[in-house]
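In: Let me see the structure of the following:
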Amino acid sequence: MTVVDSDVLIDALRGREPSRTRIAEGLKAGSLATTAINAFELRSGARTPKQDEEIEDLLAALSILAFDEDASRAAATARRQLEGRGEPIGMGDYLIAGVCFSRALPLLTRNRHHFDRIPGLLLVEL
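Out: Down below sits the predicted model:
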């Protein structure tokens, strides 16, 4: 299972390659998930009823991973590490990383600038 970040899902929804093909293949294989945080980000960005429907259809095809107690601990650890070095990445990204860490799952993202800073987080190339 691979966790997909919002940026890749948005690109797929917009038909941008290689995200469109990667997401289509992953959905067919049943190998993709996203987090409740990513679902919130996607839903927050819908500007029209059509976009809202497309987002809901995509989310229905994915496993949505909750932010739970284990994810909370992992996210807090990542935040303390990065902010202690003066390299903050933003609350949403800490939470997403926490979900991935707590389940030992890799993250598919284009936002390597943020996520590369987190020691031990498994990232997948697009």
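
In: What is the helix or strand of the chain with the lowest mean pLDDT packed up against?
Out: The helix or strand of the chain with the lowest confidence, counting by mean pLDDT, DSSP states H and E, is helix 112-115 at a mean of 90. If you count contacts as 3 or more Cβ pairs under 8 Å, 6 or more residues apart in numbering; DSSP states H and E, helix 112-115 packs onto helix 91-103. Placement of C-beta: from N, CA and C, glycine included.

In: Show me what the helix it packs on is packed against.
Out: Using 3+ Cβ pairs under 8 Å, 6+ apart, helix 91-103 sits against strand 2-4, strand 32-35, helix 36-45, helix 69-84, strand 107-108, helix 112-115.

In: per-residue pLDDT, the closest residue to residue 101 other than its chain neighbours?
Out: Closest residue in space to residue 101, ignoring its immediate chain neighbours: residue 74 at 3.7 Å, by Cβ to Cβ, 6 or more residues apart in numbering. Note for residue 74: predicted pLDDT of 97.

In: What is the burial count for residue 74?
Out: Neighbourhood size, residue 74 [other Cβ atoms under 10 Å]: 22.

In: Repeat that for residue 57.
Out: Neighbour tally, residue 57, other Cβ under 10 Å: 10.

In: Quickly find the element holding it.
Out: Using DSSP states H and E, residue 57 sits in helix 49-61.

In: So which residues make contact with that helix?
Out: Contact with helix 49-61 is made by 9, 12-13, 23, 27, 34, 39, 42-43, 45-46, as judged by Cβ atoms under 8 Å, 6 or more residues apart in numbering.

In: now with 10 Å?
Out: With Cβ atoms under 10 Å, 6 or more residues apart in numbering as the test, helix 49-61 has contacts from 4, 9-10, 12-14, 23, 26-28, 30, 32, 34, 36, 38-39, 42-46, 48.

In: Once you drop chain neighbours, what's closest to residue 119?
Out: residue 81 (6.8 Å).

In: And for residue 38?
Out: In this structure, residue 38 finds its nearest non-sequential neighbour in residue 6, 4.7 Å apart by Cβ to Cβ, 6+ apart.

In: OK, contacts around that neighbour?
Out: 34-35, 37-42, 44-45, 92-93, 96, 109-111.

In: Brilliant, that's me finished.
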